[in-house]
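Q: mind folding the following:
(4 chains)
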2 protein chains.
Amino acid sequence: MPYPAQTDRESIVKIARDAIEQDGIEELSLARLASKLGIKPPSLYRHIPNKSALLQAVVVFTFQQLFQAYEVAIQASGGDAKEKLMTIFRTHRSFAHANPETYVLAFTTTLPEQRANEQMLERLVLPIQELMATITGSQKSLSALRGALSLIHGFVMLELNNQFRRGGDLTEAFEASIETYLLGWQHQEK
Amino acid sequence: MPYPAQTDRESIVKIARDAIEQDGIEELSLARLASKLGIKPPSLYRHIPNKSALLQAVVVFTFQQLFQAYEVAIQASGGDAKEKLMTIFRTHRSFAHANPETYVLAFTTTLPEQRANEQMLERLVLPIQELMATITGSQKSLSALRGALSLIHGFVMLELNNQFRRGGDLTEAFEASIETYLLGWQHQEK
DNA sequence: GTCTATATGCCGATAGAC
DNA sequence: GTCTATCGGCATATAGAC
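A: As a prediction, this is how the structure comes out:
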């Protein structure tokens, strides 16, 4: 049985993702990855062009996972637009907590194919945009959306990088900040 | 004249900073850095213990620069607390635009000495905290501060990584989001 | 058509001479 | 404080075994 390994691109990407999440991105080398797959490093090149393309594939996979998490959350959410938004935002933060390494990788990588990059982000953000528009009106909805995304993403990034000083309840700060931001837009609308 | 170069730690850190800002962090190798300094790579090790420590020094230097930018902005700012806050936040964003590579490096690096890390961040954030407290009252000021930092940092990070889709005025979105966030806290206070 | 064996050149890092 | 010499590990390229 000479070459029983038989791997494929999808397996490589998922194992790479898990390795990054477990040991950090700095510890991922193609040699270690090949070893986990039971093959030799050059064999990887039958499935991926280079390491950079592999990391880009992990980024795409991560955004797909995040999108699926959104879908589940939206399905399960009830209440008014504000409550639905909070459900999505809590899901976003939970995803980042559960996948810190790949979250940071995904949001600090710019994919070379600009079109694909934009389509992916637009698809992710669409449900948030629609819900925000019901709060702010369509006039200011793009600015309101961008602020909301900034608030959520910034909070998570500062949190993951240990850049909030100790003390206080981070979940409380997350909830209060977002609710206050949405409240501001409700007053702004008038 | 055998070894005329004569460098020191401060020069190394500043040249490393400039090299990162010019060519991106992935292009910084100790070999290239040594070449810019007119010395051979092993000579660097008389001044720094390793590459990681050098990058940490660049992070500390970047936070010091950002702090100085804050000081200048605060000195020059007038108006009420809200207008002073806007001046600081605009300064923060301008700094990120002027130093995108080292900004991302600084905010995605956690220094190993937790104490020094916290002191540096606390010192940076203190003027913002005091101004926020005049808007929100001391009760909720920690959450309000954390939300404000998240909004500013998140906006800048999404912007630097090309993660806002095209269209609309980003400066307008920045201004409107922050003003609305502060407005929300003013209403929340009651 | 998939994997192995082998090789190149760059990297961070160390030892020891001047 | 700088140098030369050298190390192991890395990403990557190519030739060929099965």
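Q: near DNA strand C, which residues of chain A?
A: Residues of chain A lying near DNA strand C by CB under 7 Å from any atom of the strand: A:Tyr3, A:Ala5, A:Gln6, A:Thr7, A:Ile39, A:Lys40, A:Pro41, A:Pro42, A:Ser43, A:Arg46, A:His47. Every C-beta, even on glycine, is put in place using the N, C-alpha and C of the backbone.
Q: which of the residues you listed are close to DNA strand D?
A: Counting by CB under 7 Å from any atom of the strand, A:Pro41, A:Pro42 from those sit close to DNA strand D.
Q: now do stretch A:123-141: distance to the chain's middle.
A: The chain centroid and the centroid of stretch A:123-141 are separated by 19 Å under CA atoms, centre = their mean, to the nearest Å.
Q: what comes up buried for that stretch?
A: A:Leu124, A:Val125, A:Pro127, A:Ile128, A:Gln129, A:Leu131, A:Met132, A:Ala133, A:Ile135, A:Thr136, A:Lys140, A:Ser141 (16 or more other CB atoms under 10 Å in any protein chain shown).
Q: between which two of those is the distance greatest?
A: With distances taken as CB to CB, the most widely separated pair in these is A:Leu124 and A:Lys140, at 21.1 Å.
Q: tell me how many other residues crowd A:His47.
A: Neighbours of A:His47 under the rule other CB atoms under 10 Å in any protein chain shown: 17.
Q: next up, phi/psi of it, please.
A: Note on A:His47: backbone dihedrals following degrees, to the nearest 10 are phi -120, psi -30.
Q: and for the closest residue in space to it that isn't next to it in sequence, the neighbour number?
A: What sits nearest to A:His47 in space, not counting adjacent residues and going by CB to CB, 6 or more residues apart in numbering or on different chains, is A:Arg9, at 4.5 Å. Other residues within reach of A:Arg9, judged by other CB under 10 Å, total 13.
Q: and if you look at A:Val58?
A: A:Val58 has 26 neighbours, counted by other CB under 10 Å.
Q: chain center to the helix or strand harbouring it: distance?
A: Assigned by DSSP states H and E, A:Val58 belongs to helix A:51-76. Averaging C-alpha positions (CA atoms, centre = their mean) puts helix A:51-76 6 Å from its chain's average.
Q: following it, which helix or strand comes up?
A: Counting by DSSP H and E, the next helix or strand C-terminal to helix A:51-76 is helix A:81-98.
Q: does chain B have contacts with that following helix?
A: No - on the criterion CB under 8 Å from any CB of the partner chain, helix A:81-98 is out of touch with chain B, staying 10.9 Å away.
Q: how close does the residue lying closest to A:Asp8 once chain neighbours are set aside sit to B:Trp185?
A: By the measure of CB to CB, 6+ apart, the closest residue to A:Asp8 outside its immediate chain neighbours is A:His47, 6.4 Å from it. Taking CB to CB, to the nearest Å as the measure, A:His47 falls 52 Å from B:Trp185.
Q: ditto for A:Leu145
A: Separation of A:Leu145 from B:Trp185 (CB to CB): 20 Å.
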